[in-house]
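J.: A predicted structure for the sequence below; I have some questions about it.
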Amino acid sequence: MKERRRAEEERAKERMKRMKKQKDDIRSQMSDAQHLSELRIVLMGYRDAGDAHHLSELRIVLMGYRAAGKSSTGNTILGREEFDLKTSAQCVRRHGEVADRHITVIEAPGWWMNYTVEFSPELLKQEILLSVSLCPPGPHAVLLIICMDTRFKETEKSSAGASGSSR
């Protein structure tokens, strides 16, 4: 039993190392304006970089459990420290200019990691729903933020399904 636990801990350490390296790589790439332009093309689903369609703004909602990295993700998207790295019971909206586009990022409050959203207090559920209405006429993207150093178990899958839309 101890060997199994030790093996799991080793795998967790390796995942943490890979996650840190990926995070560092992403941060360095995000500072490169050319990469942001390419990222825009990928995010918007453009096949041709010369496509005339270009949204002048992008509205993104970040959802996930507490301490999953929503604030850090928002800071990475905006390219600067806009979100406080602390837990908030309310939605937080921040704006910025990235690659000649106005970006609005809404951070919804997080639910407890080992529980689905449906078991969260009613006020928290209302605040999560409010996050979508804070970027009228609606978000272009809703990102489910999942911490890379934990397993994505059935509980997290249920949380993702409970918080997502049924379109």
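T.: Okay, I see it.

J.: Just the buried positions in stretch 80-98, please.
T.: 82, 83, 88, 91, 92, 93, 94, 96, 98 (16 or more other CB atoms under 10 Å). Heads up, the C-betas are built off the backbone N, CA and C, glycines and all.

J.: same deal with stretch 108-120?
T.: 108, 109, 110, 111, 116, 117, 120.

J.: most residues in a single helix of this structure, which one?
T.: helix 2-30 (DSSP state H).

J.: those strands in the protein, which residues are they?
T.: Assigned by DSSP state E, the chain shows strands spanning 57-64, 92-98, 101-107, 141-145.

J.: The shortest one pairs with which strands?
T.: Pairing partners of strand 141-145, with direction, according to DSSP bridges: strand 57-64 (parallel).

J.: can you give me the mean pLDDT across the strand it pairs with?
T.: Mean pLDDT, computed over strand 57-64, is 92.

J.: Ok, stretch 138-153 next?
T.: 80.

J.: Just checking, which helix or strand of the protein averages the lowest pLDDT?
T.: helix 33-43 (a mean of 53; mean pLDDT, DSSP states H and E).

J.: where does the chain dip in pLDDT?
T.: 23, 25-54, 114-115, 149-167 (pLDDT under 70).

J.: quick revisit: of the buried residues of stretch 80-98, which pair is most distant in space?
T.: 88 and 98 (22.7 Å; CB to CB).

J.: buried ones in stretch 128-142?
T.: So for stretch 128-142, counting by 16+ other CB under 10 Å, buried means 128, 131, 132, 134, 135, 139, 142.

J.: And it, end to end?
T.: Stretch 128-142 stretches 12 Å from its first residue to its last (CA to CA, to the nearest Å).

J.: what's in contact with that stretch?
T.: By CB atoms under 8 Å, 6 or more residues apart in numbering, the residues outside stretch 128-142 that reach it are 43, 55, 58-61, 63, 91, 93, 104, 106-109, 111, 117, 120, 163-165.

J.: one step back: of all the buried residues of stretch 108-120, which comes closest to residue 72?
T.: residue 110 (12.6 Å).

J.: Please tell me I have it right and that closest one contacts residue 68.
T.: Yes - between residue 110 and residue 68 a contact is recorded at 6.3 Å, counting by CB atoms under 8 Å.
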